[in-house]
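A.B. asks: what's the 3D shape of this:
(2 chains)
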Protein chains: 2
Amino acid sequence: MTTYARIDELSAHAGTTVTVRGWVTHLRSSGKVAFIVMRDGTGILQTVLVKNAVPPEAWALFGELTQEACIAVTGEVRADARAPGGYELGIAGLELIGASPLDYPIQPKEHGIDFLLDNRHFWLRTPRQVAIFRIRNEIEQAIHDFFYDRGFLRVDTPILTAAIGERSGLFSTEYFEEGNAFLAQTGQLYGEAAAAAFGKIYTFGPTFRAEKSKTRRHLTEFWMIEPEVAFNESEDNMKLQEDMLTFIVGRVLERRQAELKECERDVSKLESVKTPFPRIDYSDAVATLQKKGSKVQWGDDLGAEDEALLVEDYDRPVFVMNYPKEAKAFYMKENPADPRTVLCDDCLAPEGYGEIIGGSQREDDLEKILHRLREEKLPEEAYDWYLALRKYGTFPHSGYGLGLERTVAWICGSQHIRECIAFPRMMHRLRP
Amino acid sequence: MTTYARIDELSAHAGTTVTVRGWVTHLRSSGKVAFIVMRDGTGILQTVLVKNAVPPEAWALFGELTQEACIAVTGEVRADARAPGGYELGIAGLELIGASPLDYPIQPKEHGIDFLLDNRHFWLRTPRQVAIFRIRNEIEQAIHDFFYDRGFLRVDTPILTAAIGERSGLFSTEYFEEGNAFLAQTGQLYGEAAAAAFGKIYTFGPTFRAEKSKTRRHLTEFWMIEPEVAFNESEDNMKLQEDMLTFIVGRVLERRQAELKECERDVSKLESVKTPFPRIDYSDAVATLQKKGSKVQWGDDLGAEDEALLVEDYDRPVFVMNYPKEAKAFYMKENPADPRTVLCDDCLAPEGYGEIIGGSQREDDLEKILHRLREEKLPEEAYDWYLALRKYGTFPHSGYGLGLERTVAWICGSQHIRECIAFPRMMHRLRP
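C.D. replies: As a prediction, the model looks like this:
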């Protein structure tokens, strides 16, 4: 009976004969000995074919192999410290599962980014991309573990919504006889309702922005994690953020060293991500930036350049707190110490990776939030159920949104979030 | 300094004084002693107020409390086997955080389902709903743990898509200058591409069906988990399904007994969910159903009534395998043993809960899948990248889709999936 093994399981099969299935990545031959390097998604395996030791058909088949041909190799698993993964396989049998014509799109040469994105389904197979997605998977599982272990309930908030948190850049779709539905830009408003029901919750899902932005930090569809906690105030909220981020980074450092290396990440930069993170008041941030030559004025939101300028003095993420009310969304709580500002924070990643979290204490005063809705000319009736949370047993609460792809980009050291999601959606990109 | 505690943490504070914040659920008084039962999302707490032992303001405040008022109570935590959760709190201090007018919508009486759904943001706070969402959270985490521990990579496939797996019932939205984008009904096609890159993957996200269906088993937006595994054949695929389902059910039985009890679930029915699950060939299923009086004919898909009739003889989920080609999607692999059929399975939950999984081995033969696309008059060019997976190094692979809300409904014993998702979306329901 055939024993099948995946490449990451080979250590358990050392000295025995197994069959490994996967795709050809490299081929070389010295006339009597040939090497097939193959991948199966779990690892890279070097296999050795000796002309005199295999049936002639196997040797002949080797000559016909091409990049990304799908094959099954059978043979003995041998420990070899020089081999990728620490094992190689001595081929006794070779079988072709699926041939690959010579015009396979991704060749071992430099390709332009548009070409790579057009061929994203194949580009994903290359070593750097595999490493990024192993890290992304680790980050996602770490997030679930972090919240599960702390008694949070995950709540899946709706994508199709009538009322939403921010009004510009919406995708809309016809919804039966109910008029238009909008694709959620955030699950927060629903998260607030759920926090009153379950105490501590988080969302984990896709969010959408129909923005004509072409920066390397924007996608039209991206994943967001949005915790919301009843009775947390702004400082508790920042504490949760720094605990979560250090947990995630620690987990990736602990379990994904090989992948960080494949990404050529300077891990010393990640090792310094420890609590507490610096907390900088917005007004102080503006003063510092002005000293550094920025043209930012009190009242402005901070741009990407200002953010980079501000974090350059720090070795870990930085909180900028208490922005001017006008720069932020209607649902943020007025700061009792300075009512021109709100109790919010942006968490800026180090090394210039920019904002990865936006958080705030939520306005829990019905009159104040009504006033802000009217100031922003938002349709009050669309928010009736949200306002009802303030009418009946209002409660202090805080939450935040973590941008997943930005976090992956920071941890992997990627300059473009478009390689940090499997099939990126941008203004000019809807395929594959 | 105030020590705040959540209700589920009180055992760690027995004998000490803490402050608990939450919402009033029940009030009663005997003139000199009063009881406030409160909830904070993590549990239910009985608190005791003795008139002579508290300041007069606290006693007066008690008289003003109403259902769902948000309060903070301070006092000693006392073990009490009769109390919910095993502890009660002797009130020394009582504070009102947010009053709740007497017209709070959800009253301690029977409400109609439409009223409850209109007030979903408040309905979620009631004990049965809290239990359902604790179970849903357990199921979700169990799914992540199951796949993470087995080396699967989670891949977040796009919601906004140009090409899709099934063509009817699509929500569409304008996508810049790219024409229309469609909300994904499945992530499978992308999952297949990812399986060739990463070996073993799963998706976990919302999917959409713009269907005018009003049954208690349909939502327009629901969550689906879609594993896809390179080199798995149909039997491996069913093995993975039964392993996953028994893992999930076992985990809920292990950790969510109190919530199952709140749902009045007969847990003995869940305890019999063990591998292996029966595997019934479609043709045998039709013969059995006809014997049982069904009018089903060979070639028909099985309806909900047929499914219920078929599973009544079994105490665990049942696989129905190898349906007629015409009843199933174009991407399912032709059955070599009977080319009228495909290598697929539906997994039917016991007790009449119906189909919770649909799975199949995928057609890996380029010519055969092209033939099927043309037969179904699907636009070949929209599937170019998907077909390219068969052109370059095609490989056997299988996967399935688990409907999350249907699974939650089965495990909780709920008759309506609309209470198994936080904010259900149905034909006539887009709010709250």
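
A.B. asks: buried residues, stretch A:257-274. List them.
C.D. replies: For stretch A:257-274, burial by neighbour count (16 or more other CB atoms under 10 Å in any protein chain shown) applies to A:E259, A:L260, A:E262, A:C263, A:R265, A:K269, A:L270, A:V273. Any C-beta I mention is one placed from the backbone N, CA and C, and that applies to glycine too.

A.B. asks: list just the nearest of these to B:A162.
C.D. replies: Set against B:A162, the nearest of the buried residues of stretch A:257-274 by CB to CB is A:C263 (29.7 Å).

A.B. asks: correct me if wrong: that closest one contacts A:F133.
C.D. replies: No. Under the contact definition of CB atoms under 8 Å, A:C263 does not touch A:F133, with a separation of 11.1 Å.

A.B. asks: packing partners for the host helix or strand of A:V24?
C.D. replies: Assigned by DSSP states H and E, A:V24 belongs to strand A:17-29. Packed against strand A:17-29, as judged by 3 or more CB pairs under 8 Å, 6 or more residues apart in numbering or on different chains; DSSP states H and E, are the following elements: strand A:33-39, strand A:44-50, strand A:70-79, strand A:87-98.

A.B. asks: same list, these, but as CSV with mean pLDDT and mean neighbour count please.
C.D. replies: Converted to CSV, these look like this (pLDDT from 0 to 100; neighbours: other CB atoms under 10 Å in any protein chain shown):
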stretch, mean pLDDT, mean neighbour count
strand A:33-39, 97, 20
strand A:44-50, 97, 20
strand A:70-79, 97, 20
strand A:87-98, 97, 19
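
A.B. asks: kindly reformat those as a markdown table containing distance to chain B.
C.D. replies: What follows is these, written out as a markdown table (distance: least, CB to the nearest CB, whole Å):
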| stretch | distance to chain B |
| --- | --- |
| strand A:33-39 | 9 |
| strand A:44-50 | 12 |
| strand A:70-79 | 4 |
| strand A:87-98 | 4 |
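
A.B. asks: quick one: closest of those to B:E138.
C.D. replies: Short answer: strand A:33-39, nearest of the helices and strands packed on strand A:17-29 by CB to CB, at 35.6 Å.

A.B. asks: that closest one versus strand A:87-98: what angle between them?
C.D. replies: Angle of strand A:33-39 versus strand A:87-98, following axes from the mean of the first three to the mean of the last three CA atoms, to 10 degrees, is 80 degrees.

A.B. asks: strands paired with strand A:33-39, and their directions?
C.D. replies: According to DSSP bridges, strand A:33-39 forms sheet pairs with strand A:17-29 (antiparallel), strand A:44-50 (antiparallel).

A.B. asks: of all these, which one is nearest B:V249?
C.D. replies: Closest approach to B:V249 among the strands paired with strand A:33-39 is made by strand A:17-29 (31.6 Å; CB to CB).

A.B. asks: give the buried residues for the closest one.
C.D. replies: So, applying 16+ other CB under 10 Å, buried residues of strand A:17-29: A:V18, A:T19, A:V20, A:R21, A:G22, A:W23, A:V24, A:T25, A:L27.

A.B. asks: and of those residues, the nearest to B:R316?
C.D. replies: Minimum distance to B:R316 across the buried residues of strand A:17-29 is 31.7 Å, recorded for A:R21 (CB to CB).

A.B. asks: kindly reformat the buried residues of strand A:17-29 as JSON lines containing pLDDT.
C.D. replies: Shown next, in JSON lines, are the buried residues of strand A:17-29 (pLDDT from 0 to 100):
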{"residue": "A:V18", "pLDDT": "98"}
{"residue": "A:T19", "pLDDT": "98"}
{"residue": "A:V20", "pLDDT": "98"}
{"residue": "A:R21", "pLDDT": "98"}
{"residue": "A:G22", "pLDDT": "98"}
{"residue": "A:W23", "pLDDT": "98"}
{"residue": "A:V24", "pLDDT": "98"}
{"residue": "A:T25", "pLDDT": "97"}
{"residue": "A:L27", "pLDDT": "97"}
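
A.B. asks: circling back: from the buried residues of stretch A:257-274, which two are the most distant?
C.D. replies: Taking every pair in the buried residues of stretch A:257-274 and measuring CB to CB, the maximum separation is 20.1 Å, between A:E262 and A:V273.

A.B. asks: and chain A, what are its domains?
C.D. replies: Domains of chain A are assigned by automatic domain parsing as A:7-98, A:120-420.

A.B. asks: now the last one, how far from the chain's geometric center?
C.D. replies: Translated: domain A:120-420. Mean C-alpha position of domain A:120-420 versus that of the full chain (CA atoms, centre = their mean, to the nearest Å) differs by 12 Å.

A.B. asks: quick one, what contacts the residue of the stretch 1-150 of chain A found nearest chain B?
C.D. replies: Using CB to the nearest CB, A:G41 is the residue of the stretch 1-150 of chain A that sits closest to chain B, at 2.7 Å. Residues in contact with A:G41 (CB atoms under 8 Å, 6 or more residues apart in numbering or on different chains) are A:G22, A:V130, B:A195, B:A196, B:A197, B:F198, B:G199, B:K200, B:A230.

A.B. asks: does the first one really touch A:L89, like I thought?
C.D. replies: No. Taking contacts as CB under 8 Å, A:G22 lies outside contact range of A:L89: 10.8 Å.

A.B. asks: who are the contact partners of the residue nearest to A:I225 when sequence neighbours are not counted?
C.D. replies: Leaving aside its sequence neighbours, A:I225 sits nearest to A:L402 (CB to CB, 6 or more residues apart in numbering or on different chains; 4.4 Å). Contact analysis of A:L402 by CB under 8 Å, 6+ apart lists A:I143, A:M224, A:I225, A:E226, A:Q241, A:M244, A:I356, A:I357.

A.B. asks: and the host helix or strand of the fourth one, which strands flank it?
C.D. replies: Secondary structure from DSSP H and E places A:E226 in strand A:221-230. When pairs are called by DSSP bridges, strand A:221-230 turns out to pair with strand A:200-208 (antiparallel), strand A:397-403 (antiparallel).

A.B. asks: also compute the angle for it relative to strand B:70-79, please.
C.D. replies: In terms of direction (the same axes, to 10 degrees), strand A:221-230 departs from strand B:70-79 by 70 degrees.

A.B. asks: only alpha carbons, please: show strand A:221-230 as CSV.
C.D. replies: Output of strand A:221-230 as CSV, limited to C-alpha atoms (Å, rounded to 0.1, in the frame of the first residue of the first chain):
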residue,chain,number,x,y,z
GLU,A,221,-11.8,45.2,0.1
PHE,A,222,-9.8,44.5,3.2
TRP,A,223,-10.2,42.6,6.4
MET,A,224,-10.7,44.2,9.7
ILE,A,225,-10.8,43.0,13.3
GLU,A,226,-13.0,45.2,15.5
PRO,A,227,-13.2,44.5,19.3
GLU,A,228,-15.7,46.4,21.4
VAL,A,229,-15.8,46.2,25.2
ALA,A,230,-18.5,47.3,27.5
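
A.B. asks: give me the low-pLDDT residue ranges for chain A?
C.D. replies: Scanning chain A with the threshold set as pLDDT under 70 gives A:163-167.

A.B. asks: so what's in contact with A:G22 and A:L89 at the same time?
C.D. replies: Shared contacts of A:G22 and A:L89 (CB under 8 Å, 6+ apart): A:L45.

A.B. asks: in the helix or strand in which A:L387 is found, which residues are buried?
C.D. replies: A:L387 is part of helix A:384-391, with elements assigned from DSSP H and E. Neighbour counts over helix A:384-391 (16+ other CB under 10 Å) mark A:W385, A:Y386, A:A388, A:L389, A:R390 as buried.

A.B. asks: now for it, which elements pack on it?
C.D. replies: With contacts taken as 3+ CB pairs under 8 Å, 6+ apart, helix A:384-391 sits against helix A:188-198, helix A:366-375, helix B:120-123.

A.B. asks: for A:G15, grab phi and psi.
C.D. replies: The phi and psi values for A:G15, taken as degrees, to the nearest 10, are phi 80, psi 0.
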